[in-house]
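Participant: Got a predicted structure here, sequence first:
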Amino acid sequence: MPKITYWIHRSRRHLTLAAGAIAITCLAYAATPPPDIRHRLSMATAYAGLIFLAASLWLGPWNVLRLRPNPISSDFRRDVGIWTGILAILHTAIGLSVHLRGRMWMYFFKQLHPLRLQVTQFGFANFAGLGAALLFLMLLAISNDLSLRSLGTRRWKSLQRWTYAALVLTAAHGIAYQMVEKRHLPWVLIFIALLIAVAAIQIIGFLRFQRNLNRRQGG
C-alpha cells in the first residue's frame, strides 16, 4: 500500500473511532442524571473508555477464534488502544475534579502535615485509578511504529502486555467506585457485563491458541 494511501486509510479509521468515542460518551452522559456536569462527564468518559478497552482486548482472541493471523501489532488494534488511552486520561483529568473541588490532594492523602495516606475505600479506588492511568499513558507513548522499531518486537510486546495490568486496576477502580457512589443497578450491570465479556474471550482465545499450538506440534 502506498504511503499516502496508508495514512489516508488510518486517518479515516481514527475519525471513525473518534466519532464512536464521542457517540458513546454522549449516550452515557445523557443517561447520567443531572445536574452535576463534571460527574456526568466523568461517568461518560469512564464507560466509553471501558467499552474501548474491552474492544481492544477482544481483537486478539477474536482473530485466534477465527483462525486469522494475529500479529504482534496491528494498526487497527493499536488505533483502538490509542482511543482507549485518550478516554482513560480524559476520564482521570475530569474525575479528579468531581468530589473534592479545590482539594485534589485529598483523593490520595487525608492530610499533608504530617502526611497521611487516604487508606479508605475511596483512597483505594483513586490509587487504583491513578495506577491504571499511568499505565495507559505509557501504552499511549509506545503506540507508534517508532517505538516498535526502537524497542524491538520482544521488548515492545512485553510493555504492551501491561494492558492486562491496566485492566485489573481499572476493574478494581470501577468496583470500588460502584460501592463508594452506590451506583444504580443498570450501571453496575453494564460494568459487570463488560468485565465478564473480556475475561471470557481472553480465556476462550487462550484455550484455542493452546489447542492449535498442540495440534501443530503434534502434527
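Facilitator: Structure's in. What do you need?

Participant: List the buried residues for stretch 110-126?
Facilitator: By neighbour count on 16 or more other C-beta atoms under 10 Å, the buried set for stretch 110-126 is 118, 122-126. Glycine gets a C-beta too; all of them are placed from N, C-alpha and C.

Participant: Put the alpha carbons of it into CSV.
Facilitator: Taking Å, rounded to 0.1, in the frame of the first residue of the first chain, the C-alpha atoms of stretch 110-126 are listed here in CSV:
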residue,chain,number,x,y,z
LYS,A,110,-6.1,12.5,54.4
GLN,A,111,-3.7,15.3,55.4
LEU,A,112,-0.4,16.7,54.3
HIS,A,113,1.2,17.7,57.6
PRO,A,114,2.0,15.1,58.7
LEU,A,115,1.5,13.1,55.6
ARG,A,116,-1.3,10.5,55.9
LEU,A,117,-2.5,8.3,53.1
GLN,A,118,-6.2,8.0,52.2
VAL,A,119,-6.4,4.4,53.5
THR,A,120,-10.1,4.1,52.8
GLN,A,121,-12.2,2.5,50.0
PHE,A,122,-12.3,5.9,48.4
GLY,A,123,-8.5,6.1,48.6
PHE,A,124,-8.1,2.6,47.2
ALA,A,125,-10.3,3.5,44.3
ASN,A,126,-8.3,6.6,43.5
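
Participant: in this structure, which spans are helices?
Facilitator: 3-31, 37-65, 75-95, 121-141, 145-151, 153-160, 162-180, 185-218 (DSSP state H).

Participant: what about these, which gets the closest to Met106?
Facilitator: Closest to Met106 of these, according to C-beta to C-beta: helix 121-141, at 9.1 Å.

Participant: Roughly how far does the residue nearest the centre of the chain sit from Ser74?
Facilitator: Central residue of the chain (C-alpha atoms, centre = their mean): Leu53, 3.7 Å from the mean position. According to C-beta to C-beta, to the nearest Å, Leu53 and Ser74 sit 17 Å apart.

Participant: And for Leu17, the neighbour number?
Facilitator: 19 (other C-beta atoms under 10 Å).

Participant: Quick check, it in contact with Gly81.
Facilitator: No. Between Leu17 and Gly81 there is no contact under C-beta atoms under 8 Å: 10.2 Å.

Participant: what's the nearest residue to Arg13 if we skip its chain neighbours?
Facilitator: What sits nearest to Arg13 in space, not counting adjacent residues and going by C-beta to C-beta, 6 or more residues apart in numbering, is Asp79, at 5.6 Å.

Participant: Then Ala172?
Facilitator: The shortest distance from Ala172 to any non-neighbouring residue, by C-beta to C-beta, 6+ apart, is to Ala128 (4.2 Å).

Participant: wait, what's in contact with that neighbour?
Facilitator: 169-170, 172-173, 176 (C-beta atoms under 8 Å, 6 or more residues apart in numbering).
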